[in-house]
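> The amino acid sequence is not available; the structure is as follows:
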């Protein structure tokens, strides 16, 4: 029977359990710090990799001399983290001002994320110089977008 206000004697393993909890908390803090350092390193790696995108006209001998003027291209962070790389060949349809009106993958990089990012980038951020072209519009040209993970 227990009297009001009495305290149970400490459990024989209570001190050991408390020490184990403290040790686990230290391990959790150490793991969190290590994970944050790894994330910081991965971020630096991703920033380095993101600058490794090149784009060119796949047909250097294009009959009209069409060339890429602006080619900001998105490199998905998830693809960078996974080490994805490759070249996406895209058939892009241009209007008379050099703006893309449609784009479709002709040859895949082997990674859907890279293919989608390249297609979206070509459509939304690329500009072409078509001032030397004398053919009818719209016209379709092929471009290559190369993704490299140089880190």
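Structure's in. What do you need? This structure is a prediction, so every number in the text was calculated from the model and none was measured. Residues are numbered from 1 along each chain as shown.

> Check what pLDDT residue 136 gets.
What the model reports as pLDDT for residue 136 is 84.

> Likewise for residue 147?
Residue-level pLDDT assigned to residue 147 equals 95.

> which ones are touching it?
Contacts for residue 147 (CB atoms under 8 Å, 6 or more residues apart in numbering) come out as 52, 53, 75, 79, 84, 85, 86, 87, 88, 109, 114, 118. From N, CA and C alone the C-beta is placed, and that goes for glycine too.

> what's the helix or strand containing residue 124 in contact with?
Using DSSP states H and E, residue 124 sits within helix 112-125. Helix 112-125 has contacts (CB under 8 Å, 6+ apart) with 70-76, 78-79, 84-86, 88, 90, 92, 100, 102-105, 108-109, 143, 145, 147.

> quick revisit: by neighbour count, which of the contacts of residue 147 wins?
residue 118 (30 neighbours; other CB atoms under 10 Å).

> Just checking: what are the partner strands of the helix or strand following the helix holding residue 124?
Per DSSP H and E, the first helix or strand lying C-terminal to helix 112-125 is strand 126-129. Its sheet considered, strand 126-129 pairs with strand 67-71 (antiparallel) by DSSP bridges.

> returning to what we had before: from the contacts of helix 112-125, which land in helices?
Applying DSSP state H to those, the entries found in helices are 78, 79.

> Quick check: buried residues in stretch 104-120?
105, 109, 111, 113, 114, 115, 117, 118, 119 (16 or more other CB atoms under 10 Å).

> which residues touch residue 109?
For residue 109, the contact set (CB under 8 Å, 6+ apart) comprises 84, 85, 86, 87, 88, 115, 118, 147.

> mind running it again at 10 Å?
Contact partners of residue 109, counting by CB atoms under 10 Å, 6 or more residues apart in numbering, are 79, 84-89, 115, 117-118, 144-147.
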